[in-house]
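K.L.:
curious how this folds, go ahead:
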Amino acid sequence: MNMKIVADRGLVLLGCGKMGSAMLAGWLAGGLPPQSVWVKDPYPSDWLKQQGVHLNTDLPNAPAIVLVAVKPQMMAEALPTLAQMGNGATLFVSVAAGTPIAFYERVLGADTPVIRAMPNTPAAIGKGITALIGNAKADASSMALAEALLQAVGQTVRLESEAQMDAVTGVSGSGPAYVFHLIETLAAGGEAQGLPADLAMQLAKATVAGAGALAEATEETPAQLRVNVTSPNGTTQAALEVLMDEKKGFPALLPKAVKAASERSKELSGG
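P.N.:
Predicted coordinates for the structure are as follows:
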């Protein structure tokens, strides 16, 4: 990861909760010097205090990048404090949910390069996926820099338009919660069939994690992987007849769940 420009000019992290901390840990592990990082956070964690970064001190005038990771409800108060960095060579990257690029342009100036990013919580263990979209001022080098930063916590994908961000929220942004609930209910099903609760949970966690890893590692499609483990009239087919029911199963439920999250995302971002 070529972080020389960031190391030379500095990186400002506005907000350092779980997501900010996960990213910072990835950057430091990747070789970014702590003295090149400035963090603004009113409630720094003990972990953050031990990292050797500049914490709640005066900021550089024109850092290479400002990564905005404050909670959306704190945005209106926190962002204007950095307005003097707008309309210049500083790239602003936002991982704050629901805050559109237009808000940054309004507060910082229309000539500010801005990239909006939607990571998800598996970033905490380096297994996230982040979707990015930039404004007209964010050029190819800006996008490459943002990708280099965000790839410290997982994969990145580029969107064609900001309007797609609501759907991304519905699939990958909120999606980990759907999978956690799948693990919960799968374990409950095992318990109902006579397994001890801790064993049922261990089986459910490992099964979902293993199936996800297999789906990513193989060139076969998830549909083909499903076929591979489904013997005619066997146990898997009996279960899939329930899950694949078009009126009550996954084909009805999951698109409806993604739609609900996407529509709520639109409402929250004023769309």
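K.L.:
and the residue positioned nearest the centre of the chain, what does it touch?
P.N.:
In the chain, the residue lying closest to the centroid (C-alpha atoms, centre = their mean) is Pro119, at 1.3 Å. Contacts were defined as C-beta atoms under 8 Å, 6 or more residues apart in numbering; by that measure Pro119 touches 19, 23, 95, 128-130, 150, 153-154, 173. From N, CA and C alone the C-beta is placed, and that goes for glycine too.
K.L.:
at 10 Å what do you get?
P.N.:
Counting by C-beta atoms under 10 Å, 6 or more residues apart in numbering, Pro119 touches 19, 22-23, 69, 95, 97, 128-132, 150, 153-154, 156, 172-173.
K.L.:
identify each buried residue in stretch 186-203, please.
P.N.:
For stretch 186-203, the neighbour count (16 or more other C-beta atoms under 10 Å) marks 186-187, 190-191, 195, 200-201 as buried.
K.L.:
how about the strands in the stretch 151-271 of the chain?
P.N.:
Under the criterion DSSP state E, counting those that start in this stretch, strands of the stretch 151-271 of the chain are mapped to 154-158.
K.L.:
what ranges in it fall below the confidence cut-off?
P.N.:
271 (pLDDT under 70).
K.L.:
what's the angle between the longest helix along the chain and strand 154-158?
P.N.:
Longest helix of the chain, by residue count under DSSP state H: helix 197-217. Counting by axes from the mean of the first three to the mean of the last three C-alpha atoms, to 10 degrees, helix 197-217 lies at 50 degrees to strand 154-158.
K.L.:
okay, the closest residue to Thr112 other than its chain neighbours: pLDDT?
P.N.:
In space, and not counting its chain neighbours, Thr112 is closest to Gly86: 4.3 Å by C-beta to C-beta, 6 or more residues apart in numbering. On the pLDDT scale, Gly86 is placed at 96.
K.L.:
go on, the one 10 residues further on?
P.N.:
The confidence metric pLDDT takes the value 88 at Ala96.
K.L.:
check the secondary structure at the closest residue to the residue nearest to the centre of the chain other than its chain neighbours for me.
P.N.:
Closest residue in space to Pro119, ignoring its immediate chain neighbours: Thr130 at 4.1 Å, by C-beta to C-beta, 6+ apart. Look at Thr130: counting by DSSP: H, G, I helix; E, B strand; the rest coil, its state is strand.
K.L.:
check contacts around Thr130.
P.N.:
Contact analysis of Thr130 by C-beta under 10 Å, 6+ apart lists 23, 95, 117-120, 123, 146-147, 149-151, 153-157, 168, 172-173.
K.L.:
can you check Arg264 too?
P.N.:
For Arg264, the contacting residues are 98, 166, 169-170, 174, by C-beta under 10 Å, 6+ apart.
K.L.:
buried residues, stretch 3-19. List them.
P.N.:
For stretch 3-19, the neighbour count (16+ other C-beta under 10 Å) marks 3, 6-7, 9-16, 19 as buried.
K.L.:
which ones among these are found in helices?
P.N.:
Of the buried residues of stretch 3-19, the ones assigned to helices by DSSP H are 6-7, 9, 19.
K.L.:
those into a markdown table, with extra columns for pLDDT and distance to Pro232?
P.N.:
Below are these laid out as a markdown table (pLDDT from 0 to 100; distance: C-beta to C-beta, whole Å):
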| residue | pLDDT | distance to Pro232 |
| --- | --- | --- |
| Val6 | 89 | 56 |
| Ala7 | 86 | 59 |
| Arg9 | 93 | 63 |
| Met19 | 87 | 46 |
